[in-house]
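1. How does the following fold in three dimensions:
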Amino acid sequence: MKIWYDACTGKQVRYGVAIAKKLREKGREVILTTRKHPDTIPLAELLNEKFIVVGKYEPKSLASRLREGLKRQLIFCKFFGQNPPDAAISHGSVDQIRVAFGLGIPIITTVDTPYAEAVHRLTLPLADFVVASKAIPRETLQKYNVKGKILQFDGVDEVAWIKGFKPVVKYDFGSPLIVVREVEEKAVYAKRGLSLVQVAKKLTQLGKVVFLSRYRRRTIKGLIIPKEFVDTASLVAQADLFVGAGGTITREAALQGTPAIVVDVFQEQYVNDYLAAKGFPIFKVDESSLLETAKKLLGVKIDTKSLVARLEDPVDIILKILEHLQNSGY
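-> Prediction:
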């Protein structure tokens, strides 16, 4: 059985590697593809995984996004047209899912950002299987006209690579260490403008602040701006506090016991609310109360091993789907 995974971001590279490892243990062939993006290629190299790089992320305009996406689709069509895989898996890769649908390849997609409307409108109606955390209300997914089967698991996507994770890089930025992640401004779902630069500067009152830029790594007085790629999962494991808008690194931090503050920017933060309710250190605040909350939480880390052990791994759900496909001759 030959499986194709397409990773569009750094998170998806981690996800793809976690899936590939378990598939290879079962003797499956895995083809990993990605695109040029600030984190994809460096992370693949760190994880010692070979990805085929197809196209690039070009968010300058709607036209540039569309143009680069179409280029990727044409290359995928040429690559897989005569020798298609038995299944296509991604975390909502518009390019992969469109090509897989056109070539009649069974599609499995994972979902954890209900607010990413544009992506969901282009992917969920075409997917044969949608894998999502039970934190996300089923009706939230169904409103995108899902024709396939929705399978929900009692966990979050990040469990796939954080369960059993050991930091592979040691960072020495000083202490106490606060990590701040820049808000995503170029994604199509990023509607409300919020800069965390000023927030990060205020946090320097409490300790050393590493500011993780998404695209431009420019110098900002008072902040530590890494010039090279940073393994975020390793970094937040060593941090005393994380601050962000509630994305992947928020959950990587909280799953490892590092207190994570979510600045309330995006609606439908179902996955973060779900983890907080289970006892993980995620705290949602508005910008005005962030500094006081940070003072209370700084360095208050907890042992989350038993909590993580109770969460389901989405990769296990994906493996069951693939077994079903193989046994049913789908």
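2. hey, where'd the strands end up in the stretch 101-250 of the chain?
-> Ranges of strands within the stretch 101-250 of the chain are 107-111, 129-133, 149-153, 177-181, 208-212, 241-244, based on DSSP state E, counting those that start in this stretch.
3. would you turn those strands into TSV with mean pLDDT and mean neighbour count?
-> Every C-beta, even on glycine, is put in place using the N, C-alpha and C of the backbone. Formatted as TSV, the strands of the stretch 101-250 of the chain follow (pLDDT from 0 to 100; neighbours: other CB atoms under 10 Å):
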stretch	mean pLDDT	mean neighbour count
strand 107-111	98	25
strand 129-133	98	24
strand 149-153	98	17
strand 177-181	96	26
strand 208-212	95	22
strand 241-244	96	28
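4. you'd agree A127 is up against T109?
-> Yes: using CB atoms under 8 Å, A127 is in contact with T109, at 4.5 Å.
5. domains of the protein?
-> Domains of the chain are assigned by automatic domain parsing as 2-162+312-328, 177-309.
6. between the ones you listed, which gets the lowest average pLDDT?
-> If you rank the domains of the chain by mean pLDDT, domain 177-309 sits at the bottom with a mean of 88.
7. Check the separation of the first and last residues in that one.
-> This stretch, domain 177-309, spans 27 Å end to end (CA to CA, to the nearest Å).
8. So what's the gap between that domain and the chain middle?
-> 14 Å (CA atoms, centre = their mean, to the nearest Å).
9. One more: stretch 155-171?
-> Mean-position distance between stretch 155-171 and its chain equals 12 Å (CA atoms, centre = their mean).
10. Any buried residues in that stretch, and which?
-> 155-163, 165, 171 (16 or more other CB atoms under 10 Å).
11. can you map out the helices along the stretch 151-300 of the chain?
-> 159-162, 197-203, 232-238, 248-255, 270-277, 290-297 (DSSP state H, counting those that start in this stretch).
12. Comparing those, which stretch has the densest surroundings?
-> Counting by mean count of other CB atoms under 10 Å, helix 248-255 has the highest mean neighbour count of these, with a mean of 27.
13. so it versus helix 270-277, what angle?
-> 10 degrees (axes from the mean of the first three to the mean of the last three CA atoms, to 10 degrees).
14. Report all helices and strands that helix 248-255 contacts.
-> Where contact means 3 or more CB pairs under 8 Å, 6 or more residues apart in numbering; DSSP states H and E, helix 248-255 is packed against helix 159-162, strand 177-181, helix 232-238, strand 241-244, strand 260-263, helix 270-277, strand 282-285.
15. Among the ones you listed, single out whichever gets nearest to L62.
-> Of all the helices and strands packed on helix 248-255, strand 177-181 sits nearest to L62, with 25.0 Å by CB to CB.
16. Neighbouring strands of that closest one in the sheet, and parallel or not?
-> When pairing is defined by DSSP bridges, strand 177-181 lines up against strand 208-212 (parallel), strand 241-244 (parallel).
17. would you list those strands in CSV and tack on distance to E292?
-> CSV is the format used below for the strands paired with strand 177-181 (distance: least, CB to CB, whole Å):
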stretch, distance to E292
strand 208-212, 17
strand 241-244, 13
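18. so which of those comes closest to V131?
-> Nearest to V131 among the strands paired with strand 177-181 is strand 241-244; the distance by CB to CB comes to 24.1 Å.
19. List the buried residues of stretch 119-132.
-> Residues of stretch 119-132 classed as buried by neighbour count (16+ other CB under 10 Å): 119-120, 122-124, 126-132.
20. mind checking the end-to-end distance for that stretch?
-> Stretch 119-132: ends 15 Å apart by CA to CA.
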